[in-house]
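Student: Got a predicted model here, sequence first, then my questions.
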Amino acid sequence: MVEHRRRLPHVYPEDASLFVTWSLHGVLPPSFSARPGKLSGGEAFVWMDRQLDTIRSGPMYLRQPAIAQLVVESIRKGVQLGHYELYAYVVMANHVHILVHPHIEPSKLLKSLKGATAREANKLLGRTGEPFWQKESYDHWVRNQAEFRSIKAYIENNP
């Protein structure tokens, strides 16, 4: 089992699929860290995802077809490079969900995916030196087939 730390621990069991969500930089308001009470990992994710879905201000770059398309192409390129098996994904106005089975270290996978899309998106937007993605991502390793089916359906029905 590989563990990485930043603000949150990221634990990656070997041979497990991952559900990953990441959002645009600046989309979450400062009050985001003041989530209600003590929430389990799953409850915290549901709370965060509802916040992302209801936010009507802040960056919404992924609504732009060219920006969304470059994210989709980058996700698909990861499959071509053999970095992961892709089971489901959705690009929302301010965040992305993917369900993958990684073949490389997940932290490298996310760094590559987010870094490449950030550079290209900022070029299209005429921005330089500005962060595109939130540094932290939410990831959850899939524990069983029922959970896998539930997550896949959630992603596919999200829009």
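Tutor: Alright, I've got the coordinates.

Student: give me the low-pLDDT residue ranges for this protein?
Tutor: 1-12, 29-57 (pLDDT under 70).

Student: Do a quick rundown of the helices in it.
Tutor: 41-54, 65-80, 106-125, 145-157 (DSSP state H).

Student: just those: most buried one?
Tutor: Scoring these by mean neighbour count under mean count of other CB atoms under 10 Å gives helix 106-125 as the most buried, with a mean of 17. Any C-beta I mention is one placed from the backbone N, CA and C, and that applies to glycine too.

Student: Next, format the helices of the chain as CSV and append distance to residue 90.
Tutor: Converted to CSV, the helices of the chain look like this (distance: least, CB to CB, whole Å):
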stretch, distance to residue 90
helix 41-54, 11
helix 65-80, 10
helix 106-125, 15
helix 145-157, 5
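
Student: out of those helices, nearest to residue 87?
Tutor: Nearest to residue 87 among the helices of the chain is helix 145-157; the distance by CB to CB comes to 5.8 Å.

Student: Any figure for the gap between residue 138 and residue 87?
Tutor: 17 Å (CB to CB, to the nearest Å).

Student: What of residue 132?
Tutor: When residue 132 is compared with residue 87 (using CB to CB), they lie 25 Å apart.

Student: now swap in residue 101 and tell me
Tutor: 7 Å.

Student: got any residues that touch both of those two?
Tutor: Shared contacts of residue 101 and residue 87 (CB atoms under 8 Å, 6 or more residues apart in numbering): residue 17.

Student: Which one's more surrounded, those two?
Tutor: residue 87 (18 against 14; other CB atoms under 10 Å).

Student: Much appreciated, bye for now.
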